[in-house]
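*Asks:* any chance you can model this:
(one chain, ligands or ions: 1)
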Amino acid sequence: MTEAQLPAPRPLGKVWFVGAGPGDPELITLKGQRLLAQAGAVLFAGSLVDQAVTLYAPAGCLVRDSKDMTLEQMSDWLAEQAARHATVVRLQTGDPGLYGALIEMTRPLTALGIDWAVVPGVSSAMASMAAAGESMTLPEVTQTVILTRVEGRTPMPEGEDLAALAAHRSTLCIFLSITLMHKIEAGLRAAGWPEDAPMLVVHKASWPGQERIVRGTLADIKQRCREAGIVSQAMVVASPTLGAADWETLARSKLYDPTFTHRFRKATA
Ligand code: SAH
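*Replies:* Presented below is the predicted three-dimensional model:
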């Protein structure tokens with residue numbers, strides 16, 4: 001066969017979209033850590049996850065920060081590396097399926113016949129509530145969590161403005177919006193949340209030595225964040241569950257209620 005007749009080299013590798021977790025390198029999954037340890041090439045998303053790469057990627061692994069790349073350049077880079085290495089990792093903050101441009105990156109790989117898969121990660125929403133010792137759900141308070149953002153340069157689809165979502169009185173974890181606190185406040189007010197509704201802002205949740213927790217109310221949270229100088233990498237939470245650790249009365253969780261029978265335990269009282 002002449003060179004022109006040779007089939008294109010088959011990509012050997014698989015691209016793994018790995019959730020690095022919220023910042024603490026110990027909050028990556030075991031699977032994500034193992035894949036990093038065997039990776040030939042890693043494309044990581046900015047400063048949020050560089051610690052995990054430094055700790056877990058093997059010596060000689062090609063490591064590239066994606067901060068100056070377009071999506072096309074990222075897909076091209078991943079495809080190129082998949083032709084050279086069995087394991088290629090795209091490391092993303094939190095969970096790759098939340099505000100992670102996942103599908104934009106996987107479609108070109110699929111088109112090229114390159115195998116890929118996703119390894120979930122601990123989202124910053126979970127890490128923020130954990131940092132503050134708060135629960136996303138409470139019996140008879142709310143059993144629902146909404147993960148959302150307010151409109152910045154990315155438009156919000158119809159029906160998803162914060163005022164509409166806040167009408168449910170559920171837990172709201174608001175990403176990408178710390179500089180748009182005025183829009184968060186307007187949305188909550190439009191939905192009738194009282195001025196003393198508790199709110200929580202967590203900056204760099206889980207980052208060793210850098211995490212900061214700001215508590216306040218709808219009336220004062222913006223000012224408190226300004227005073228704390230928090231302008232990026234922050235989760236804003238509005239929830240009727242906030243502060244429950246200090247409430248005098250709390251509805252019991254049925255699962256652990258002595259008067260409640262379930263599959264694993266008979267009622268005792
Ligand atoms: N996929 C990520 C979210 C990426 S969007 C996840 O699942 O967490 C980036 C936004 O996530 C930031 O604007 C901020 O709102 C939030 N975020 C990411 N890491 C954070 C952290 N350690 N602490 C608080 N918020 C964080």
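*Asks:* surely residue 235 and residue 202 touch.
*Replies:* Yes: counting by Cβ atoms under 8 Å, residue 235 touches residue 202, with 5.0 Å between them. To be clear about C-beta, it is placed using only N, CA and C from the backbone, and glycine gets the same treatment.
*Asks:* now for those two: what residues contact both?
*Replies:* The contact sets of residue 235 and residue 202 overlap at 124, 128 (Cβ atoms under 8 Å, 6 or more residues apart in numbering).
*Asks:* name the helix or strand for the nearest residue to residue 173 once chain neighbours are set aside, please.
*Replies:* Leaving aside its sequence neighbours, residue 173 sits nearest to residue 125 (Cβ to Cβ, 6 or more residues apart in numbering; 3.9 Å). Element membership for residue 125, per DSSP states H and E: helix 124-132.
*Asks:* how about the CA coordinates for the helix or strand that comes right after that helix, as PDB?
*Replies:* Past helix 124-132, further along toward the C-terminus, the next helix or strand under DSSP H and E is strand 145-149. Extracted in PDB, the C-alpha atoms of strand 145-149 (Å, rounded to 0.1, in the frame of the first residue of the first chain):
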ATOM      1  CA  VAL A 145     -32.700  21.600  45.900                       C
ATOM      2  CA  ILE A 146     -32.400  23.800  42.900                       C
ATOM      3  CA  LEU A 147     -28.900  24.300  41.300                       C
ATOM      4  CA  THR A 148     -29.000  27.500  39.300                       C
ATOM      5  CA  ARG A 149     -27.400  30.800  38.400                       C
END
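*Asks:* identify the residues contacting whatever residue of the stretch 1-150 of the chain ends up closest to the ligand.
*Replies:* With Cβ to the nearest ligand atom, the shortest gap between the stretch 1-150 of the chain and the ligand falls at residue 94, namely 2.0 Å. Taking Cβ under 8 Å, 6+ apart, we find residue 94 in contact with 19, 20, 21, 22, 100, 121, 122, 123, 124, 125, 127.
*Asks:* what about 10 Å?
*Replies:* By Cβ atoms under 10 Å, 6 or more residues apart in numbering, residue 94 lies in contact with 19-23, 27, 45, 48-49, 100, 120-127, 175, 205, 235.
*Asks:* swap in residue 43?
*Replies:* 15, 17, 53, 62-66, 69, 73-75, 77-78, 81, 88-92, 105.
*Asks:* show me which of those residues are buried.
*Replies:* Buried by 16 or more other Cβ atoms under 10 Å: 15, 17, 53, 64, 66, 74-75, 77-78, 81, 88-92, 105, out of the contacts of residue 43.
*Asks:* of all these, which two lie farthest apart?
*Replies:* Farthest pair in the buried ones among the contacts of residue 43 (Cβ to Cβ) is 53 and 75. Separation: 19.6 Å.
*Asks:* show me where pLDDT drops low in the chain?
*Replies:* Residue ranges of the chain with pLDDT under 70: 1-11, 47-50, 254-255, 259-260, 269.
*Asks:* get me the contact residues on it for the ligand.
*Replies:* Residues of the chain found near the ligand (Cβ under 6 Å from any ligand atom) are 22-23, 48, 93-95, 98-100, 123-124, 127-128, 175-176, 202, 204-207, 233-235.
*Asks:* and the helix or strand residue 90 falls within, what other elements does it pack with?
*Replies:* Using DSSP H and E, residue 90 falls within strand 87-92. Under the contact definition 3 or more Cβ pairs under 10 Å, 6 or more residues apart in numbering; DSSP states H and E, strand 87-92 sits against strand 14-19, helix 30-37, strand 41-44, helix 50-56, strand 62-65, helix 71-82, helix 102-111, strand 115-119.
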